[in-house]
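1. what's the 3D shape of this:
(chains A and B)
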Amino acid sequence: NAGVTQTPKFQVLKTGQSMTLQCAQDMNHEYMSWYRQDPGMGLRLIHYSVGAGITDQGEVPNGYNVSRSTTEDFPLRLLSAAPSQTSVYFCASRSDPGGVGEKLFFGSGTQLSVL
Amino acid sequence: AQKVTQAQTEISVVEKEDVTLDCVYETRDTTYYLFWYKQPPSGELVFLIRRNSFDEQNEISGRYSWNFQKSTSSFNFTITASQVVDSAVYFCALSRYNQGGKLIFGQGTELSVKP
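-> Have a look, this model is predicted:
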């Protein structure tokens, strides 16, 4: 059981480049989300999805796009990377979007540097 | 608005010392969830505990214990007889009762346990 898989683990971009961070889970979870982790700021929610075809913004959505065409996948797109997007990105999932007890399962993270 | 504050940015202790990590939260909700996650140097996020707001019983799990005090909006974490393997960044987080997938994280406390 792989859980939540993120690719790539490391990425270096130049300002203005685009890329997609991949996230896949094999637990049939309805809820998936993306967080970014910055020093001194903890983790902040970027976007989330409560099921295929449904996405919504979190605390820091600007500069990022998401879509959810399948239950398993929730890619995060940077259309025009900026140095302010240098961060560690975590994908997470859980079975019940609004549920009362189950923990979030986190991927291992993607370290992104934008030069 | 919801907020989590971990005022201790870094803590350094010598092995076998006890250490308490502080967590103070703000919410207007009467029902909510509190979490602690551990992030070891390898970078993954490890779930430690979830506590709901209507259960103020303290919890102990081996060398770990948690003290939840609703009156002071605190959810502190104590490691007894610390070990080098406890060295990590620890995050406290809060979620609304019906939004268990949307966590508000504190800034994190970096614990260093020296031999």
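
2. for whichever residue of chain B sits closest to chain A, give the beta-bridge partners.
-> Using CB to the nearest CB, B:F105 is the residue of chain B that sits closest to chain A, at 3.6 Å. From N, CA and C alone the C-beta is placed, and that goes for glycine too. For B:F105, the beta-bridge assignment (DSSP bridges) gives partners B:A93.

3. and the next helix or strand past the helix or strand of chain A with the lowest mean pLDDT?
-> Every helix and strand of chain A was ranked by mean pLDDT, DSSP states H and E. The lowest is strand A:105-106, at a mean of 90. Moving toward the C-terminus from strand A:105-106, the next helix or strand (DSSP states H and E) is strand A:110-114.

4. kindly state the pLDDT recorded for the most centrally placed residue in chain A?
-> Centroid-nearest residue in chain A: A:W34, 2.7 Å away (criterion: CA atoms, centre = their mean). Note on A:W34: pLDDT of 97.

5. got it, and A:T110?
-> The model's pLDDT for A:T110 equals 96.

6. what parts of chain B come near chain A?
-> B:4, B:6, B:9, B:33, B:35, B:43-45, B:47, B:50, B:52, B:91, B:93, B:97-103, B:105-108 (CB under 8 Å from any CB of the partner chain).

7. list buried residues within these.
-> B:4, B:6, B:33, B:35, B:45, B:50, B:91, B:93, B:97, B:99-103, B:105-108 (16 or more other CB atoms under 10 Å in any protein chain shown).

8. ok, the closest residue to chain B within chain A - contacts?
-> Nearest residue of chain A to chain B, counting by CB to the nearest CB: A:G42, 3.6 Å away. By CB atoms under 8 Å, 6 or more residues apart in numbering or on different chains, the residues touching A:G42 are B:V4, B:Q6, B:F91, B:A93, B:F105, B:G106, B:Q107, B:G108.
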